[in-house]
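1. Sequence and predicted structure are below.
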Amino acid sequence: MPVNSFPDEWLAQSFEALTPERLQALRAKSESGRTLWECVVAEKIATDAEIVDKLAHRFRLKVADVSKIDQTARDGVPEQIARRHRVLPLRLTDSYLELGTANPLDIDAEKALAFATAREIRLFLLSPSKISEKLDEMYRSDKAIDKLLEGMGDQEVTTLPEAAAPEELNISEADASQKPVVRLVDMIISEGILSRASDIHVEPEEGGVSVRYRIDGVLRQVMKIPRQAGLPLISRIKIMSSLDIADRLRPQDGRARVAVNGQPIDLRVSTLPAQLGEKVVIRILDSRATVKSLDTLGLNPGEAEAIKRLLENHEGILLVTGPTGSGKTTTLYSAINQIKGEGVNIVTVEDPVEYRMQGIVQVQVQEKAGLTFAAALRSILRQDPNVVLVGEIRDKETAQIAVQASLTGHLVLSTLHTNDAANAVTRLVDIGVESYKIAASLRGVVAQRLMRRLCPTCKEVWMEAPPERLRRWVPTGTPLYRAGGCPDCAMTGYRGRFSILEILTMTAELERLIAAGEAADRIAEAAQRGGMKSLWDSGLAHVVRGESTLEELTRVVDIPAEPEAPARPPAPVPVTRERAAPVSTIFDLLEEQAPPARGSGAHGQPASKVLLVDDEDSLRKVMRDLLERDGYIVTEARDGVQALDQVDRVGPDIIVLDLNLPGLDGYGVLSHLRSRPATANIPVIVLTAKGDEDNEVRVFELGADDFLTKPFRARALSARLEAVLGRRR
């Protein structure tokens, strides 16, 4: 069983009681990520106050005064950075930042914070427990709620089955407009927006009112509010969205518009009468959010190209299907972003307008005023559009107008709520559209789901074998990962999402089947014969590339009952593993072609692991091909941060490092490697286009083992690798 090491083992030098034997015992008992300070306090070897006092005298550092925290420091240091480095922001000025820390020798943290804030860092001593307590209070504390509720009185409501209801129903507008209630609502909404939540759920329950945020598609409870404050809070939300606070027996829908840090945000509010009171769901719509391109949606190789080919049609219908919250609108707007231009007239009709784009006309549905999807669509067709985006096809009238528009020379984009691509056809038939019209107008269907992406900071290699029912889907020898949990991802192990797609493209066979009114399963079989990959296949490709987990895939998509032929599908080919064209035609940084393939590793030894770090994809592919011919096992990274992550995950025998990298450059990577005991001895060969003497001297001073100037010969790289590895052996 591996023994953990502490990030603050220097602390042992300050306490005679921490003998080498005792320190070894603490290492064996501690959990990963725990500090020696925390273990010393837990084992009652010393108290926090004793440790702070001893370290203050030893390092001549001042002790942090947490009673004088400047709240402006909170805005200068993001929560994830403060929690990652375990520091407490104390005071922020134009020139320096004061921090409380339990590890004043953490040079990496000091440099990172100095870089992130562009200020001089001044350190003060503070215990880990006090840092955690104050971070919770500063960023997202339930105590903050208590402070907001101080002005609401100390009276408690005794819940009696028949007496509580009249009191709940008599909450007035004045009660809901009290300053503490207003501030509480503002805090809940602003925290939800800053936490990347898509929805906020406010739910009355036994003993209080629960507030939950939906982040990356999963609900997470963030606070529970006393009932006497929670019910006025719900009324306040209804007032904001122009709903009737006296009507608590019928569902209501409304809208509100707020500004957070000067950024306007649209809110869509829905209420639902429940047994213990009204439930409120607030949908957060960032109307000025950046519209993504198809290439930035995290799609598999080939999926973005397939959608682009569908968008080359000048008429017809393109549908995006999936449940609520599956990213359909984002995909549609990415498609609009692909085809918009000065010569293209694009008009949208939506409910609500979720994104605002320059260069297109956007129409907001107003059903109370008679501006429905169908009415707006009829008017739009008189405006001579090239492309029409219909937010959703909900009824027969809208569907028929959309089909007619597609048959008369317009490209129509819209959404449907169906489980897969083939069922979009049967859904249109159920609405009332004739099969022959669907066959003539439909150009393609994109079924979509969203999967959570593994947090790059804390994802871990999954050492166990997959469950038996999933084993046939995973190619032998494929490394899988699991979610860890860190402050960056709020301990969930996931951060952000990407789309998985099922793209049905019309063919002559599909057109005949649809016109004949065939069932959805027959349509799906024909589409798969034509090359359509299922949602499961799309998600599995991301799992095989290490972007998500099998657990997340099975949460989003059902496991197919029987695998399609062959029984074990071939591994999806990652982008970085695509075979390059001949070396001489792709990249001029290699001056000669690769030598013939060799079966064994360098020096006849077992194959060594090489990490290639370069931001130029073409050069990496060429070098990878060369090194794999020589029998090396090759891993790639395209920037400095990814390189450090790969070092911890793969444990390479040698690193080939380019100096000119985006973000953290090669100098920074080399410095990090040599400053950490676990990586200090990994040999590094530096690649650079700058062959001057000063640059060469600098990289050797930082600890490089060899230096290679671009352009270089193919055999030169192999020879340098063999020489460096031979010296290390």
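-> Happy to help now that I have it.

2. any idea which helix or strand comes after the helix or strand that contains Val349?
-> In the assignment (DSSP states H and E), Val349 maps to strand 346-350. The helix or strand immediately downstream of strand 346-350 is strand 361-364, counting by DSSP H and E.

3. same for that following strand, what does it pack against?
-> Contacts defined by 3 or more CB pairs under 8 Å, 6 or more residues apart in numbering; DSSP states H and E place strand 361-364 against strand 346-350. Where C-beta positions appear, they are placed from N, C-alpha and C, glycine not excepted.

4. quick one: strands adjacent to the strand it packs on?
-> Strand 346-350 has the following strand partners under DSSP bridges: strand 361-364 (parallel), strand 387-390 (parallel).

5. show me where the stretch 351-500 of the chain has strands.
-> Here the stretch 351-500 of the chain has its strands, by DSSP state E, counting those that start in this stretch, at 361-364, 387-390, 411-416, 442-454, 460-461, 481-482, 494-505.

6. JSON lines for those, including mean pLDDT and mean neighbour count?
-> Shown next, in JSON lines, are the strands of the stretch 351-500 of the chain (pLDDT from 0 to 100; neighbours: other CB atoms under 10 Å):
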{"stretch": "strand 361-364", "mean pLDDT": "86", "mean neighbour count": "16"}
{"stretch": "strand 387-390", "mean pLDDT": "90", "mean neighbour count": "25"}
{"stretch": "strand 411-416", "mean pLDDT": "92", "mean neighbour count": "24"}
{"stretch": "strand 442-454", "mean pLDDT": "93", "mean neighbour count": "24"}
{"stretch": "strand 460-461", "mean pLDDT": "84", "mean neighbour count": "12"}
{"stretch": "strand 481-482", "mean pLDDT": "88", "mean neighbour count": "18"}
{"stretch": "strand 494-505", "mean pLDDT": "91", "mean neighbour count": "23"}
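
7. Nearest to Lys609, out of the ones you listed?
-> Nearest to Lys609, of all the strands of the stretch 351-500 of the chain, is strand 460-461, at 13.8 Å by CB to CB.

8. mind listing the helices in the stretch 151-300 of the chain by residue range?
-> Here the stretch 151-300 of the chain has its helices, by DSSP state H, counting those that start in this stretch, at 164-169, 173-176, 179-194, 227-240.

9. which one of those helices is the most hemmed in?
-> Stretch with highest mean neighbour count among these: helix 227-240 (a mean of 22; mean count of other CB atoms under 10 Å).

10. Give me the helices and strands touching that one, please.
-> Applying 3+ CB pairs under 8 Å, 6+ apart, one finds that helix 227-240 contacts helix 173-176, helix 179-194, strand 197-205, strand 208-215, strand 252-260, strand 263-274, strand 277-285.

11. Could you tell me the least trusted of those?
-> With a mean of 57, helix 173-176 has the lowest mean pLDDT of the helices and strands packed on helix 227-240.

12. related to what we said a few turns ago, need the strands paired with strand 346-350 in CSV (columns: distance to Tyr436).
-> Output for those, formatted as CSV (distance: least, CB to CB, whole Å):
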stretch, distance to Tyr436
strand 361-364, 30
strand 387-390, 21
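
13. For Leu233, which of the helices and strands packed on helix 227-240 is the nearest?
-> Here helix 179-194 is closest among the helices and strands packed on helix 227-240 (CB to CB), at 5.9 Å.

14. quick one, the closest one and strand 263-274 angle?
-> 110 degrees (axes from the mean of the first three to the mean of the last three CA atoms, to 10 degrees).

15. Direction-wise, compare helix 179-194 with strand 252-260 and give the angle.
-> With the same axes, to 10 degrees defining the directions, helix 179-194 sits at 80 degrees from strand 252-260.

16. so which of the strands paired with strand 346-350 comes closest to Gly432?
-> With respect to Gly432, and counting by CB to CB, the nearest of the strands paired with strand 346-350 is strand 387-390 at 16.0 Å.

17. From the rest of the structure, what touches that closest one?
-> Outside strand 387-390, the residues that touch it by CB atoms under 8 Å, 6 or more residues apart in numbering are 332, 336, 339, 344-350, 373, 377, 380-381, 398, 402, 405, 410-415.

18. Export the helices of the stretch 151-300 of the chain to CSV and append columns for distance to Leu310.
-> Converted to CSV, the helices of the stretch 151-300 of the chain look like this (distance: least, CB to CB, whole Å):
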stretch, distance to Leu310
helix 164-169, 53
helix 173-176, 49
helix 179-194, 34
helix 227-240, 41
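
19. So for Ala82, which of those helices sits nearest?
-> Set against Ala82 and scored by CB to CB, the helices of the stretch 151-300 of the chain come closest in helix 179-194, at 14.2 Å.

20. Could you check the strands of the stretch 351-500 of the chain and tell me which one is nearest Phe115?
-> Nearest of those (CB to CB): strand 494-505, 21.2 Å.

21. which of the residues in stretch 110-128 are buried?
-> By 16 or more other CB atoms under 10 Å, the buried positions in stretch 110-128 come out as 110, 113, 117, 119, 121, 123-128.

22. Quick one: end-to-end length of that stretch, please.
-> Taking CA to CA, to the nearest Å, stretch 110-128 runs 17 Å from one end to the other.

23. roughly how far is that stretch from the heart of the chain?
-> Chain-centre distance of stretch 110-128: 27 Å, with CA atoms, centre = their mean, to the nearest Å.

24. And for stretch 515-533?
-> Put simply, stretch 515-533 sits 33 Å off its chain's centre (CA atoms, centre = their mean).

25. Can you give me the distance of the spatially most central residue of the chain to Val557?
-> Closest to where the C-alpha atoms of the chain average out (CA atoms, centre = their mean) is Gly496, at 1.3 Å. When distance is defined by CB to CB, to the nearest Å, Gly496 is 18 Å away from Val557.

26. Val656 now?
-> Distance, Val656 to Val557, by CB to CB: 38 Å.

27. Which of these two has more residues huddled nearby?
-> Set side by side, Val656 and Val557 show more neighbours around Val656, with 24 against 20, by other CB atoms under 10 Å.

28. so the more buried one, which of the three states?
-> With DSSP: H, G, I helix; E, B strand; the rest coil as the basis, the three-state label of Val656 is strand.

29. Enumerate every residue touching it.
-> Contact analysis of Val656 by CB under 8 Å, 6+ apart lists 610-614, 623, 684-685, 687, 717, 721.

30. Count the neighbours of Leu311 for me.
-> If we define neighbours as other CB under 10 Å, then Leu311 has 18 of them.

31. Could you do Trp473 as well?
-> 20.

32. One more: Met491?
-> With other CB under 10 Å as criterion, Met491 counts 14.

33. the strands in the stretch 601-729 of the chain, which residues?
-> Under DSSP E, counting those that start in this stretch, the stretch 601-729 of the chain gives strands at 609-613, 633-637, 654-658, 684-688, 706-709.

34. Listing partners with orientation, what would you give for the second one?
-> Same thing as strand 633-637. Strand pairing for strand 633-637, determined by DSSP bridges: strand 609-613 (parallel).

35. what comes up buried for the partner strand?
-> Of the residues in strand 609-613, 610-613 count as buried by neighbour count, 16+ other CB under 10 Å.

36. highest average neighbour count across the strands of the stretch 601-729 of the chain?
-> Stretch with highest mean neighbour count among the strands of the stretch 601-729 of the chain: strand 654-658 (a mean of 25; mean count of other CB under 10 Å).

37. Over it, what's the mean pLDDT, rounded is fine.
-> Strand 654-658 comes out at a mean pLDDT of 91.

38. Check stretch 631-639 too.
-> On average, stretch 631-639 scores 88.

39. Can you give me the pLDDT of Asn300?
-> For Asn300, the model assigns a pLDDT of 87.

40. Now it: closest residue in space, sequence neighbours ignored.
-> In this structure, Asn300 finds its nearest non-sequential neighbour in Ala541, 4.9 Å apart by CB to CB, 6 or more residues apart in numbering.

41. roughly how far is the host helix or strand of that neighbour from the heart of the chain?
-> Per DSSP H and E: Ala541 is located in helix 535-544. Relative to its chain's centre, helix 535-544 lies at 17 Å (CA atoms, centre = their mean).

42. quick revisit: and the residue nearest to Asn300, how many neighbours?
-> Neighbours of Ala541 under the rule other CB under 10 Å: 22.
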